[in-house]
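# pasting the sequence and the predicted model now:
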Amino acid sequence: MAASKTGMAYNFFQNGKYGGFPQNLGNDMELTQDMHLKMSKKIAQLTKVIYALNTKNDEHENIVQSLKEQHEEEVQKILSETKDKIAVYKAKIDAESEVRKRVQSLEESLTDHEKHRVHAITEFENFKRQSAEREIQLKTENAQKILELSQDVLKAKRNFEEKINEFERWKKNINEDKEAALNELRLAHEKEVNDLRNFQHNQSSDWLNEVAKLEDKYKVQIEDLKGNYEKLMAEKNKLIEDYDLKLSKAQAFYEKELEALRQSQNQTEESAYRLLQERQEQLRKDFAAQEAELRKQVDSLVNQLTESEDLATKYKRDLEQLLSQLQNKDQASLEIGRQLQEAKQQSMDALTELKTVESELIAMRERCAEQSNELLKKSGVIGELEATKLQNHSTITSLQTELSKVKDRLAWLEKERKDLERQKSSLSESQKSQLQALERALEDMSVEKQTLKEKLEREIESLKNRSSQSEKEREDKHKAEIDELRRCAKDELNAEKKQAEDRLLVTKEELTGKYVKQIEELQKEKEQLKAEYEKVRSELSSRLQSAEDEVMRLSKIVHESEQGLGSASSHISNLKEVSNRLQAELDKTKNELKDAKIKAADLQAELDKLKMLHNTKMKEASAEQQRKLEQLSKDLELKWSETLRSECAKLRQELTEQKEKENRTALQHLASLKDEEIAASKAGWEKRVNDLMKQIAMLKENLQNSESKIGEELERFRQDAEAERKRLEQELLAAADDYANKIHIMEEVQVEKIKKLKEQKDQEMEEQLFKMKEKHVEDMQAQMTAHKVTVESITSQAEKQRATDLQMQQEKYSKALEDLRYDLVEKHSAMLDQKQREHEAQIRTARMELERAVEISKSKERDHQIRVEELQGEITHRERHVINLKEELRSLESNISNLNKDIASKEKEIQKVKSDAKVQIKNREEQLLKKYQAEFDNLQADHIRESQELVTQFNQAQEILKDKISELQILLEEAEEKYQNRESRPEDLELIEQLRESILEKEQRMKQLIDEKRYFQMELVNRETNFNKVFNSSPNVGVLNPLQVKTKKGDKAIAKFTSAPNFSQGKRLDPLPGSPIHTGNLNPSKPLPSPAFNKKFVK
């Protein structure tokens, strides 16, 4: 109302002229004093009205200014509230984005974990394949080596057997040639003997005659022969005594040798037994040391497991504490997520360390027992499953806490939505623009979020590429190392092959040299035998020729004596007397010869007895020699068995050393790798620990105010953690007890297996030794029987030949004597006197010849005996040589057979062990693969289900949020429509009615004022001249001077004055902001337009 009034006044005073009256109308009119007073009063009233209007305008301006300030304050409050809400919304959006990022990071970590797991499984499978291929290659190479060695041994054996067969054939041929030559000699000798018998039979008559004459003469010779016979008997006794002494000495020597051999055998057996005991003790000590080392390693690994589990529990406790502390903190949730990721990475590193430790345990315990590996794998799998279970539990708890946080946030958002609905009822269109700006900011944030996602995806892809490149490099390095190991193994195998081939060549050369030497010696012996045979043959032929010459000479002498009988008839009487004496002497000599024959028979019997005794003693000596040979063979077998055992022990030691070297190299490589990994992990851990310490310091600074609220939750979590720790400790104790029991059972089983294997090996060795001894004894008995038969046959043949020769010679000698006697008695009875001297000379020559013949026969007998002894010695030497060669052959064959049997048994054992190991490994692999596949499928299904549930929950939450946002938008629009189309309140209606009434009153008052104004304007226009006379050119507003001198009518130079104030000179009031300016005439019938700002009604 004041504004309208001011506007009216302003318009009124702005207009210079109102009405249609002329200005010179007051010139004619004259003002009276009363009119002047009235006009002055009216003017005073008007000035009062103008003053009141000005004061009201000032008040209105103050009110408007206060309203503006209140409006600005309210706008600033609303802006601050909207900023706070925007910050809250931004924080919520950041939290949601962080939750999404966390979910994505968890999904990525799960995918990385699965990839690492799959990669580890593939690497383990590749390693298994490579190890299996390497084992197959080694098996094939060992089988090829063994086949080549067996083929070489078989070739050498075949060559040796062929050479032995050739030697036997050569021996048979020599024996056949020898028998043929002997048969020829026998036939020739029989022919010669028959010829001599016929010749002697023809000359027996002549010899009988001469024998009677010669008996007297040969008495001295017979006595000499008797003396010689006694000397020979004494020599024979001496020889027997010497033989007995030699036998006793030989027996004592052989007994001493037997005792020495027995002592040496006992010493060797005792030394071997001591060595075996020492070796057994060493093996026990080594086994105990290995068991202690392995137990220490197992304890250390168990301690590492417990430490890693304690660390995991500590980290989990820390994480739970941090999660409980950071439930209402959005910024700290990012750090907790990072800590979670780091803890997961730590758990993954711990799992990798556990896997490496398990692989080391498997490599160390392969020789002891394979089931321990399975138990370790089971324990590792249980640890992994528990770790994964704990991880899943922690992720589930974290997701549950996040869900509770999301639910709390949703409740808070609903509350804020209600508050916003309440607040939106009082908001204006400016807040709509702010909301649009917020929506734009949200869109910008979503765009930034998408860009960040793209950046993160690119970084993840780059990390994946780097990890794939690093994995490829590691695979290449692993392949190169495997190739180097294969090359080294091939080089070692080639070197071993070359060494074996060199050894085979050396042994072949040695055997061939020995064989060639033996053949050369046998050929030399054959040539010597042939030369000796030819010498004997030539001597016998020369002796036969000499005997034939002597017979011819004697026949010539007899013929000459027969021719000289005619001249000796005178001496017949003398000769008869001499013949009678000679006959008597012949009778005596006959009796003496009979006695000598009886003595010779007795001596022959004694010789036979002595020969029997000699044969028995020879048999006993041969038996003793056989026993000695058996003992020597046993000793040799024991020595060879010891040498074989020593070689086997050396081979085992070499194999164990090679295996230990390989294991040491592998362990050193693994230790170096582990040290590098530990160093890298330590560096990473130190960095992470430093980062965590920094983050913990920040968190401690941020969370000092919230520790009082979280104490109860910490105590609850501590109680749960202690309960879980106790449960885990109980499970670990139970697992350790089960593991110790299983290890004890496996050790007992292993000890029983080792005992069984030792017993089996001992039984097999004893059986093989018994069989070899039986075979050796049988072979030796067969050979000795054959040799005995051959020696007995040779000795019997030689004795028979000697006896036949002696009998033939005695018969020839007796027949010759008888023939000579008859011839001498019949033909030379007359010529005895005449040619007594000649006969004596001839008898002397005959005696000399007989003595020579006897000496020749004795020398021949001695030569024959010496030759027989030499031949027997050579036969025994050769038999011994042959026996030694056969023993060597048998020992070599037995060694070869034993080696082949050992190789075959070891191959069988190795094949059995490998087959059992393969079967067990395959079964265990299948079981583990099935188990891991089932667990992996279950975990994958659980992960997929959980991820799907999370995705569905997240999608549902997003849909719920979108639905809520759409509902809020709809509610906002409906509220705006309701606000715009709202029904007026009764208070507002009352106020409106009051205002309308006041407006009507004021309009009426305005109408009255306008009417008064018109009246006063008309009056002022009509009486302008009077006013100008009264007032000056610059009158004071609201002051009348009626006593002022009036001007004349012709004064036109006086400036025109109006009662309205001159606001154009800077003294007029400014219009209200937003109020319309009236350019035309005031039309009070039209209402004023509504202001641009909302009205605020105050009761």
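On my side now, so go ahead. Numbers count the residues shown, from 1 in each chain.
# now residue 349: how far from residue 175?
88 Å (C-beta to C-beta, to the nearest Å). C-betas here are computed from N, CA, C, even on glycine.
# which one's more surrounded, the two?
Ranked by neighbour count (other C-beta atoms under 10 Å), residue 349 and residue 175 place residue 349 first, with 17 against 11.
# helices of this protein, residue ranges please.
2-14, 25-28, 33-217, 219-325, 330-364, 371-424, 429-563, 572-702, 707-827, 836-980, 986-1022, 1024-1030 (DSSP state H).
# same for the fourth one, what does it pack against?
When you say that, I think you mean helix 219-325. Packing contacts for helix 219-325, counted by 3 or more C-beta pairs under 8 Å, 6 or more residues apart in numbering; DSSP states H and E, involve helix 330-364, helix 371-424, helix 572-702, helix 707-827, helix 836-980.
# domain ranges for the protein?
Each domain of the chain is listed here as a residue range: 520-559, 1005-1071, per automatic domain parsing.
# ok, of the ones you listed, where does mean pLDDT dip lowest?
Of all these, mean pLDDT reaches its minimum on domain 1005-1071 (a mean of 57).
# in contact with residue 944: list those residues for me.
Contacts for residue 944 (C-beta atoms under 8 Å, 6 or more residues apart in numbering) come out as none.
# and the gap between it and residue 400?
Applying C-beta to C-beta to residue 944 and residue 400 gives a distance of 19 Å.
# just residue 512 next, same as before
Residue 512 is 89 Å from residue 400, by C-beta to C-beta.
# looking at those two, which one has more neighbours?
It is residue 512, of residue 512 and residue 400, that has more neighbours when counted by other C-beta under 10 Å, with 14 against 10.
# need the pLDDT of that one.
Taking residue 512 on its own, its pLDDT is 72.
# that one and residue 484, how far apart?
41 Å.
# ok, now residue 468?
25 Å.
# again with residue 230
In terms of C-beta to C-beta, residue 230 sits 96 Å off from residue 484.
# ditto for residue 744
For residue 744 relative to residue 484 (C-beta to C-beta), the value is 40 Å.
# cool, and residue 668?
For residue 668, the distance to residue 484 - C-beta to C-beta - is 15 Å.
# swap in residue 617?
Taking C-beta to C-beta, one finds residue 617 at 74 Å from residue 484.
# more neighbours, these two?
Between residue 617 and residue 484, counted using other C-beta under 10 Å, the more crowded position is residue 617 (14 against 10).
# skipping its backbone neighbours, what lies nearest that one in space?
In space, not counting the residues next to it along the chain, residue 617 is nearest to residue 247; the distance is 6.5 Å by C-beta to C-beta, 6 or more residues apart in numbering.
# ok, the one you found - how many residues close by?
14.
# what of residue 883?
Neighbour tally, residue 883, other C-beta under 10 Å: 21.
# and what of residue 886?
Applying other C-beta under 10 Å, we find 16 residues neighbouring residue 886.
# residue 288 too?
Per other C-beta under 10 Å, the neighbour tally for residue 288 reads 10.
# ditto for residue 819
24.
# then residue 399?
Residue 399 has 19 nearby residues by other C-beta under 10 Å.
# what score does the residue nearest to it when sequence neighbours are not counted have for pLDDT?
For residue 399, ignoring the flanking residues on the chain, the nearest one in space by C-beta to C-beta, 6+ apart is residue 950 at 6.9 Å. In this model, residue 950 is scored at 74, pLDDT.
# and what of residue 565?
Here the pLDDT value assigned to residue 565 is 48.
# tell me the mean pLDDT over stretch 100-110?
77.
# can I get stretch 225-241 in PDB, CA atoms only?
The C-alpha atoms that make up stretch 225-241 are tabulated as PDB, following Å, rounded to 0.1, in the frame of the first residue of the first chain:
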ATOM      1  CA  LEU A 225     122.700-162.000  -8.600                       C
ATOM      2  CA  LYS A 226     121.600-163.000  -5.200                       C
ATOM      3  CA  GLY A 227     123.800-160.400  -3.700                       C
ATOM      4  CA  ASN A 228     122.400-157.900  -6.100                       C
ATOM      5  CA  TYR A 229     118.900-159.100  -5.200                       C
ATOM      6  CA  GLU A 230     119.600-158.500  -1.600                       C
ATOM      7  CA  LYS A 231     121.000-155.100  -2.300                       C
ATOM      8  CA  LEU A 232     117.900-154.400  -4.400                       C
ATOM      9  CA  MET A 233     115.700-155.500  -1.500                       C
ATOM     10  CA  ALA A 234     117.600-153.200   0.900                       C
ATOM     11  CA  GLU A 235     117.300-150.400  -1.600                       C
ATOM     12  CA  LYS A 236     113.700-151.200  -1.900                       C
ATOM     13  CA  ASN A 237     113.200-151.000   1.900                       C
ATOM     14  CA  LYS A 238     115.100-147.800   1.900                       C
ATOM     15  CA  LEU A 239     112.900-146.500  -0.800                       C
ATOM     16  CA  ILE A 240     109.800-147.600   1.100                       C
ATOM     17  CA  GLU A 241     111.100-145.900   4.200                       C
END
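# pLDDT of it, averaged?
Regarding stretch 225-241, the rounded mean pLDDT is 78.
# can you mark which positions in that stretch are buried?
For stretch 225-241, the neighbour count (16 or more other C-beta atoms under 10 Å) marks residue 225 as buried.
# equivalent analysis for stretch 97-110, please.
Buried residues in stretch 97-110, counted by 16+ other C-beta under 10 Å: 97, 98, 99, 101, 102, 103, 105, 106, 108, 109, 110.
# got those residues as a markdown table, with distance to residue 169 columns?
Listed next are the buried residues of stretch 97-110 as a markdown table, based on distance: C-beta to C-beta, whole Å:
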| residue | distance to residue 169 |
| --- | --- |
| 97 | 104 |
| 98 | 103 |
| 99 | 102 |
| 101 | 98 |
| 102 | 97 |
| 103 | 96 |
| 105 | 93 |
| 106 | 92 |
| 108 | 89 |
| 109 | 87 |
| 110 | 86 |
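# ok, residue 262 - contacts?
Taking C-beta under 8 Å, 6+ apart as the contact definition, residue 262 lies against residue 631.
# repeat the analysis, applying 10 Å as the threshold.
Applying C-beta atoms under 10 Å, 6 or more residues apart in numbering to residue 262 gives the contacts 631, 635.
# against residue 271, how distant is it?
14 Å.
# cool, residue 157 as well?
32 Å.
# of those two, who's got more company?
residue 157 (16 against 11).
# test my guess that the residue nearest to residue 399 contacts residue 102.
No. Using C-beta atoms under 10 Å, residue 950 makes no contact with residue 102, being 11.1 Å away.
# shared neighbours, these two?
Joint contacts of residue 950 and residue 102 (C-beta under 10 Å, 6+ apart) are 399, 402.
# which non-adjacent residue is nearest residue 892?
Nearest to residue 892 is residue 160, by C-beta to C-beta, 6+ apart, at 7.9 Å.
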